[in-house]
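A.B. asks: Sequence below, structure please.
(one chain, ligands or ions: 1)
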Amino acid sequence: MTQNIYQLTLPTPYAVGDVHVYIVKNDIITLIDAGVHTEEAWQAFNEQLKNIGLTPKDIDQVVLTHHHPDHIGLVGRLNHVQNIYGHSLVHKWLTRDEMYLDHYIQFFNDLYTKWGVPDQFQDIERALDYTLAFSTPSALTRYLNEGDQIPGLEGFLTLETPGHAESHLSFYNQDTNVLLAGDFLLKHISSNPLLEPPVNIGEERPKPLLRYRESMKRVLDYSFSTIYPGHGKVFSNHQPLIVDRIAKQEKRAFKVLDYISESPSTPYEICQYLFPKHYQSQFGLTMSETVGQLDYLCSIGELEQLSDGEVVRYTAAHPITSK
Ligand SMILES: [Zn+2]
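C.D. replies: Here you go, the predicted model:
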């Protein structure tokens, strides 16, 4: 670990396994991310803080990389903390902004209906309750944007790195080239770009895979020395990793295009084709991945959308030459 950065590893109830949070010790003590809200995680957090001579009360401020429950879960248990930083969207999740959450449910219900998803997969409210159960209500005290510095976290600049989450921020130290990456870059798995509603009702939906590609491409020129991720090993040498991830994604996109060239299909049908074994147990994740590929193929002019007023199908834009 770089001098003043300490990694704590907390259990989660998710398939991804453990999550890392980080303590950065300067004149003041910053916690990067806050694990998931379970008793096991809280205990592990306390024990590992003790190992580095701290208790939760010693934490002066919290910086959150994104709004997922395995990263914001325990914030509400750190009631004494005066400063909590993150993307403005994280605030909506921490405060459980009713308008936003209603809009979230409505958005997925409309979208899934349009995409030919059967009713059995449309219990968005239950999925949302499950998500909220693993975090604690809290609130941000300041929103961070691209380029922002954080008092007490000397040397670090905020980088907007959306894709895995619209709210995703990473923190880059210009002096040491260290990156606090959250789930933006992981060594052992590619981060899933997840579907989310637009922040404001009526705006166009974010395209998570396109956002993720842009975020990855923008850091190709950085020479990070050490990347501290939210899951898996601390690593370096991110350029070949990114080049490889992008190549694999494009390969998968063309597999999707081949399938659609045979017959126009709904996103639900394409999801079943891509993930025959997993689409039922991991519906949200596999739909996000599927639609990511469709968004990508539309962005390069290979696909078009056809609507019969009820259901949307995707069709190859150049059925003869694309194969
Ligand atoms: Zn995570």
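
A.B. asks: Can you give me the end-to-end span of stretch 195-213?
C.D. replies: Start and end residues of stretch 195-213 are separated by 14 Å (Cα to Cα, to the nearest Å).

A.B. asks: And it, what's buried?
C.D. replies: Across stretch 195-213, burial judged by 16 or more other Cβ atoms under 10 Å covers L195, E196, P197, P206, K207, P208, L209, L210, R211, Y212, R213. Bear in mind the C-beta positions are built from the backbone N, C-alpha and C, glycine included.

A.B. asks: can you check stretch 181-198 too?
C.D. replies: Those would be 181-187, 190-197, for stretch 181-198 by 16+ other Cβ under 10 Å.

A.B. asks: same thing with stretch 300-312?
C.D. replies: For stretch 300-312, using 16+ other Cβ under 10 Å, the buried residues are E302, L303, V312.

A.B. asks: Kindly report the same for stretch 135-149.
C.D. replies: S135, T136, S138, L140, L144, D148.

A.B. asks: name the element the fourth one belongs to?
C.D. replies: L140 belongs to no helix or strand when elements are defined using DSSP states H and E.

A.B. asks: wait, it sits on H91?
C.D. replies: Yes - in this structure, L140 is within contact of H91 by Cβ atoms under 8 Å, at 4.3 Å.

A.B. asks: Now intersect the buried residues of stretch 300-312 with the strands, please.
C.D. replies: Of the positions in the buried residues of stretch 300-312, L303, V312 sit in strands, assigned by DSSP state E.

A.B. asks: Could I get the contacting residues of L285?
C.D. replies: Neighbouring residues of L285 by Cβ atoms under 8 Å, 6 or more residues apart in numbering: N192, L194, H278.

A.B. asks: measure the last one to the ion for me?
C.D. replies: Between H278 and the ion the distance, using Cβ to the ion, to the nearest Å, works out to 19 Å.

A.B. asks: Same check on the first one?
C.D. replies: For N192, the distance to the ion equals 10 Å [Cβ to the ion].

A.B. asks: Surely that residue and E289 touch.
C.D. replies: Yes - applying Cβ under 8 Å as the test, N192 and E289 come out as touching, 6.3 Å apart.

A.B. asks: Name the nearest of the buried residues of stretch 181-198 relative to V117.
C.D. replies: Nearest to V117 out of the buried residues of stretch 181-198 is L195 (Cβ to Cβ; 11.9 Å).

A.B. asks: which one is the closest one nearest to, not counting chain neighbours?
C.D. replies: In space, L195 comes closest to S288 once its chain neighbours are excluded; the distance is 4.5 Å by Cβ to Cβ, 6 or more residues apart in numbering.

A.B. asks: related to what we said a few turns ago, now tabulate the contacts of L285 in JSON lines and tack on distance to G53 and secondary structure.
C.D. replies: Below are the contacts of L285 laid out as JSON lines (distance: Cβ to Cβ, whole Å; DSSP: H, G, I helix; E, B strand; the rest coil):
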{"residue": "N192", "distance to G53": "36", "secondary structure": "coil"}
{"residue": "L194", "distance to G53": "37", "secondary structure": "coil"}
{"residue": "H278", "distance to G53": "44", "secondary structure": "coil"}
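
A.B. asks: Which parts of the stretch 51-200 of the chain are helices?
C.D. replies: For the stretch 51-200 of the chain, the helices defined by DSSP state H, counting those that start in this stretch cover 69-72, 88-94, 98-114, 124-133.

A.B. asks: Select, out of those helices, the one closest to the ion.
C.D. replies: helix 69-72 (4.5 Å; Cβ to the ion).

A.B. asks: ok now the closest one, how far from the chain's centre?
C.D. replies: 10 Å (Cα atoms, centre = their mean, to the nearest Å).

A.B. asks: what's the answer for stretch 230-242, then?
C.D. replies: 16 Å.

A.B. asks: List the buried residues for the helix ranked longest in the chain?
C.D. replies: What stands out as the longest helix in the chain, according to DSSP state H, is helix 238-262. Using 16+ other Cβ under 10 Å as the test for burial, helix 238-262 gives 238, 241-242, 245-246, 249, 252-253, 256-257, 259-261.

A.B. asks: What of stretch 171-184?
C.D. replies: Within stretch 171-184, the residues scored as buried using 16+ other Cβ under 10 Å are F171, Y172, N173, T176, V178, L179, L180, A181, G182, D183, F184.

A.B. asks: Render the CA-only coordinates of that stretch in PDB, please.
C.D. replies: C-alpha atoms of stretch 171-184 as PDB (Å, rounded to 0.1, in the frame of the first residue of the first chain):
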ATOM      1  CA  PHE A 171     -10.000   9.800  -7.500                       C
ATOM      2  CA  TYR A 172      -6.600  10.400  -9.100                       C
ATOM      3  CA  ASN A 173      -3.500  11.600  -7.300                       C
ATOM      4  CA  GLN A 174      -1.400  13.700  -9.600                       C
ATOM      5  CA  ASP A 175       1.700  13.400  -7.300                       C
ATOM      6  CA  THR A 176       1.800   9.700  -6.800                       C
ATOM      7  CA  ASN A 177      -0.300   8.600  -9.900                       C
ATOM      8  CA  VAL A 178      -2.500   6.500  -7.500                       C
ATOM      9  CA  LEU A 179      -6.100   5.900  -8.600                       C
ATOM     10  CA  LEU A 180      -8.900   5.200  -6.100                       C
ATOM     11  CA  ALA A 181     -11.000   3.400  -8.700                       C
ATOM     12  CA  GLY A 182     -14.200   2.100  -7.000                       C
ATOM     13  CA  ASP A 183     -15.700  -0.300  -9.500                       C
ATOM     14  CA  PHE A 184     -14.500   1.700 -12.500                       C
END
